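In: I would like the atomic coordinates for the input below:
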Amino acid sequence: MSSLSVRSGTPLRGRVRVPGDKSISHRALLLGAIAEGESRVSGFLPAADCLATLRCLRGLGVKIETPSPIPSPYAGEGSQGVTLIVHGRGLHGLHPPQGPLDCGGSGTTMRLLSGILAGQPFRSVLTGNAQLSRRPMARVAIPLRQMGARVTDTDGHAPLLIEGGHLRGIDYTLPVASAQVKSAILLAGLYADGPTTVREPVPTRDHTERMLQAMGGGLRIADCGLRIEPGERLQALDIVVPGDFSSAAFLIVAATLVPGSEVTIAGVGVNPTRTGALEVLKAMGAHIEVKNEGDCGGEPVADLRVRAGELSAMEIGGAIIPRLIDELPLLALVATQARGMTVIRDAAELRVKETDRIATTVAELRKLGAQIEARPDGFVVRGPTPLRGAEVDSHGDHRLAMTLAVAGLLAEEETRVHDVECIADSFPGFVETLRRLGGKLKTQNRAC
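Out: Predicted coordinates:
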């Protein structure tokens, strides 16, 4: 186990890049695997979750070349990403796995791969670590069963046993907004005997749809839903993965909250289905400029210039929640420094993430002196409140670990964040990036 000691007192200044987008890295491998031809993926995120997808696909017979070695996500590297070449096997070219496919801690791997495996004429078992095995999987198993796949879960959780084969198209309305479940159904729809339609209660991230369309998949928006036609061959692409906005959000918040800071984050993906936190921060008064807007493989990108400033509280809820669900623990931290009472609601989905992120965020921020209360579907936070250094714990949740590290940049005296290896799940190089900007962080090993 390792811990991270953090001290305040130094403004953050400079220009940096963040690692490649995790969601797009997963999808580039998965769709490249069932496409025709070779897909070159540049800027792939070598984080633990994405490497789980790579291992599972290799277990299904997909050849994935790495022209240069992939750095360990735990080595403090990876901000520049790596290049992979995926030799697509087509929709029907996957091989039966020799054993269970281990998804590690990656919900994206398990749910999206379930959609592909539902259409394969063989038996697969998807497993994961203890953390992933606590996350709900019935939400993906139910629609795949309606399509005709035999999916056996374990009391609504992993492991999943999937016996795929002939599927039928369905018209399905998601009971809970989920890009992962939506994507699983769309991918299964490629193997159905008729069109499949997915309807969302509110829009969620659309990386799967963009990539399917770019590869020639028969995806259309129709009748307030997404309609996928079966049997369309996917054509391989050269994909450049933009910087991950969810990773950039930690640097945006740090630069906003640490007095005297000015930071530019280059080449960040600014897909509007992902940037709800950017809208909220601007509404609270954050000084964020969006510059040099462009396009990167069908995804909008930009440089973000951030300066420190004072913030005002606000209410966050409704349709914007799916567009900032991953950033809500971080926004709870922001609220501790905003003037007034911030209410975050309609976010019960936080209860079934890597941890119960409502409970863990409240418990750990309180240790730092935050005035924060849990609600069944969110938080109430009063600010501005001076934070004080303390011993805090990530609970094995990468986003909470980084949120607490940013909090340490504001707090009086030292903050020590325990169990920080999990940061490698999504942001290899996080500590080193903050150090380059002037942050006082030091990693220490401790006995298990």
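In: Which parts of the stretch 201-350 of the chain are strands?
Out: 219-222, 225-228, 238-240, 262-269, 287-296, 299-307, 311-312, 315-316, 338-344 (DSSP state E, counting those that start in this stretch).
In: Likewise for the stretch 1-150 of the chain?
Out: Under DSSP E, counting those that start in this stretch, the stretch 1-150 of the chain gives strands at 2-7, 13-17, 36-44, 63-65, 82-89, 101-102, 123-127, 150-154.
In: between those strands, which one is nearest to residue 135?
Out: strand 150-154 (11.3 Å; Cβ to Cβ). From N, CA and C alone the C-beta is placed, and that goes for glycine too.
In: What strands flank that closest one, and is each parallel or antiparallel?
Out: Partners of strand 150-154 in the sheet, by DSSP bridges, are strand 157-163 (antiparallel).
In: Enumerate the beta-bridge partners assigned to residue 374.
Out: residue 379.
In: Thought residue 358 was touching it, still the case?
Out: Yes. If you go by Cβ atoms under 8 Å, residue 374 and residue 358 touch, sitting 5.2 Å apart.
In: okay, the two: which has more neighbours?
Out: Between residue 374 and residue 358, residue 358 has the larger neighbour count (other Cβ atoms under 10 Å), namely 24 against 16.
In: Out of the strands of the stretch 1-150 of the chain, indicate the one that is most buried.
Out: Among the strands of the stretch 1-150 of the chain, strand 101-102 has the highest mean neighbour count (mean count of other Cβ atoms under 10 Å), at a mean of 22.
In: Show me what that strand is packed up against.
Out: Secondary-structure packing of strand 101-102 (3 or more Cβ pairs under 8 Å, 6 or more residues apart in numbering; DSSP states H and E): helix 48-59, strand 123-127.
In: That strand pairs with which strands?
Out: With DSSP bridges as the test, strand 101-102 is paired with strand 123-127 (parallel).
In: Give me the contact list for the partner strand.
Out: For strand 123-127, contacts defined as Cβ atoms under 8 Å, 6 or more residues apart in numbering pick out 56, 96-97, 99-103, 110, 113-114, 117, 133, 158-164.
In: how about a cut-off of 6 Å?
Out: Residues from elsewhere that reach strand 123-127 (Cβ atoms under 6 Å, 6 or more residues apart in numbering): 97, 100, 101, 102, 103, 110, 117, 159, 160, 161, 162, 163.
In: got the CA positions of that strand in PDB?
Out: Output in PDB follows, covering the C-alpha atoms of strand 123-127 (Å, rounded to 0.1, in the frame of the first residue of the first chain):
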ATOM      1  CA  ARG A 123     -19.800 -19.400 -23.900                       C
ATOM      2  CA  SER A 124     -17.900 -16.700 -22.000                       C
ATOM      3  CA  VAL A 125     -17.400 -15.900 -18.300                       C
ATOM      4  CA  LEU A 126     -16.600 -12.400 -17.200                       C
ATOM      5  CA  THR A 127     -15.100 -11.900 -13.800                       C
END
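In: Go through the worst-scoring helix or strand of the chain on mean pLDDT and flag the buried ones.
Out: Lowest by mean pLDDT, DSSP states H and E among the helices and strands of the chain is strand 219-222, with a mean of 88. Within strand 219-222, the residues scored as buried using 16 or more other Cβ atoms under 10 Å are residue 219.
In: rewinding a little: dump the strands of the stretch 201-350 of the chain into a markdown table; add distance to residue 436 as well.
Out: Putting these into a markdown table (distance: least, Cβ to Cβ, whole Å) gives the following:
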| stretch | distance to residue 436 |
| --- | --- |
| strand 219-222 | 40 |
| strand 225-228 | 41 |
| strand 238-240 | 23 |
| strand 262-269 | 10 |
| strand 287-296 | 20 |
| strand 299-307 | 15 |
| strand 311-312 | 25 |
| strand 315-316 | 31 |
| strand 338-344 | 27 |
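In: With residue 62 as the reference, name the closest of those strands.
Out: Closest of these to residue 62 is strand 238-240, at 15.4 Å (criterion: Cβ to Cβ).
In: Only the buried residues of the closest one, if you could.
Out: Of the residues in strand 238-240, 239, 240 count as buried by neighbour count, 16+ other Cβ under 10 Å.
In: That strand - contacts with which helices or strands?
Out: Secondary-structure packing of strand 238-240 (3 or more Cβ pairs under 6 Å, 6 or more residues apart in numbering; DSSP states H and E): strand 36-44.
In: got any ranges where the stretch 51-200 of the chain has weak pLDDT?
Out: 74-80 (pLDDT under 70).
In: Next, count neighbours for the closest residue to residue 278 other than its chain neighbours.
Out: Spatial nearest neighbour of residue 278, chain neighbours left out: residue 288 (6.6 Å); criterion: Cβ to Cβ, 6 or more residues apart in numbering. By other Cβ under 10 Å, 17 other residues sit near residue 288.
In: What of the one 4 residues further on?
Out: Using other Cβ under 10 Å, the number of residues around residue 292 comes to 12.
In: There's contact between it and residue 303 in this structure, I believe.
Out: Yes. Residue 292 is in contact with residue 303 according to Cβ atoms under 6 Å; the separation is 4.6 Å.
In: list the buried ones in stretch 183-203?
Out: Buried-residue list, stretch 183-203, by 16+ other Cβ under 10 Å: 183-192, 195-198, 200.
In: all helices of the stretch 301-448 of the chain, in order?
Out: 328-336, 357-367, 398-408, 430-436 (DSSP state H, counting those that start in this stretch).
In: same question, the stretch 151-300 of the chain
Out: Using DSSP H, counting those that start in this stretch, helices in the stretch 151-300 of the chain cover 179-189, 207-214, 245-257, 276-283.
In: So which elements touch the longest one?
Out: Helix 245-257 makes packing contacts with strand 262-269, strand 299-307, helix 328-336, helix 398-408 when contacts are defined by 3+ Cβ pairs under 6 Å, 6+ apart.
In: Out of those, the one nearest residue 256 is which?
Out: Judged by Cβ to Cβ, the one of those that comes nearest to residue 256 is strand 299-307, at 6.0 Å.
In: Please export the C-alpha coordinates of the closest one as PDB.
Out: Below are the C-alpha coordinates for strand 299-307, written out as PDB (Å, rounded to 0.1, in the frame of the first residue of the first chain):
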ATOM      1  CA  GLU A 299     -14.300  14.300 -31.100                       C
ATOM      2  CA  PRO A 300     -14.100  18.100 -30.200                       C
ATOM      3  CA  VAL A 301     -10.900  19.200 -28.500                       C
ATOM      4  CA  ALA A 302      -9.600  22.400 -27.000                       C
ATOM      5  CA  ASP A 303      -7.000  24.000 -24.700                       C
ATOM      6  CA  LEU A 304      -8.400  25.100 -21.300                       C
ATOM      7  CA  ARG A 305      -6.800  28.100 -19.600                       C
ATOM      8  CA  VAL A 306      -7.700  28.300 -15.900                       C
ATOM      9  CA  ARG A 307      -7.000  31.000 -13.300                       C
END
